[in-house]
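> sequence and predicted structure below; questions after.
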Amino acid sequence: MERRIAIRNMALVMAGLVILPGCDLGSKRAKAQTVQPGFSPEQNALLAEVVETIIPATDTPGAKELGLHTFVQLMLVDCYEQEVRDNFVKGLDTVGATANKEFGKPFAACTEAQRTDILLTLEQSDKEEQKAFYELVKDLTILGYTTSEYVMTNLTEYTPIPGHYYGCVPVPSKKTA
């Protein structure tokens, strides 16, 4: 009987070795991680400044230092349709154009008050695309910040398992009368 089990196991191993090279799992994972939403380096830098304006650095790190612009990009790629991504890129372009039009300099060179004014203009805009852009970037920035490693380890009192388990506790004995 043991010989039959050994032959069966060897046949399963050989079948696995024949089938396994046809499964190319590594290349699909690599492609999924390298997909970008079509941001240029200038738009990436602009997004970093926009998220920094939403959550600036104080005595705690700001959004730019925590890399939330990368988080926003990954969320756009993984969780949103192409139409939303295209509107987001248009919104970034609008932010840059508004800064140049109103203040005559790029968004990154504007003061904190000027940056805030530009974002408030988008929030109160009559155009639905601009409002949607502002709401999306604000929501994703706040989500990224509140779930970042820095916030979860340094600013919140997160306990993965509530309470403590005492495995060895003396049990008082009952007295029988």
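Perfect, thanks for sending it. Numbering: from 1, shown residues only.
> now the residue nearest in space to the middle of the chain, nearest residue through space, not along the chain?
Most central in the chain under Cα atoms, centre = their mean is residue 71, positioned 3.2 Å from the mean C-alpha point. Nearest-residue entry for residue 71: residue 144, 3.9 Å, with adjacent residues in sequence omitted and distances by Cβ to Cβ, 6 or more residues apart in numbering. C-betas here are computed from N, CA, C, even on glycine.
> please apply the same query to residue 107.
Closest residue in space to residue 107, ignoring its immediate chain neighbours: residue 99 at 4.0 Å, by Cβ to Cβ, 6+ apart.
> re the thing from before, and the host helix or strand of the residue nearest to the centre of the chain, how far out from the chain's middle?
Residue 71 belongs to helix 68-79 when assigned by DSSP states H and E. The gap between where helix 68-79 is centred and where its chain is centred comes out at 5 Å by Cα atoms, centre = their mean, to the nearest Å.
> residues in contact with the helix or strand following it?
Going down the chain from helix 68-79, the next helix or strand is helix 82-103, by DSSP H and E. When contacts are defined by Cβ atoms under 8 Å, 6 or more residues apart in numbering, helix 82-103 is touched by residues 37-39, 42-43, 46-47, 50, 76-77, 80, 105-107, 110, 114-115, 117-119, 121-122, 129-130, 132-134, 136-137.
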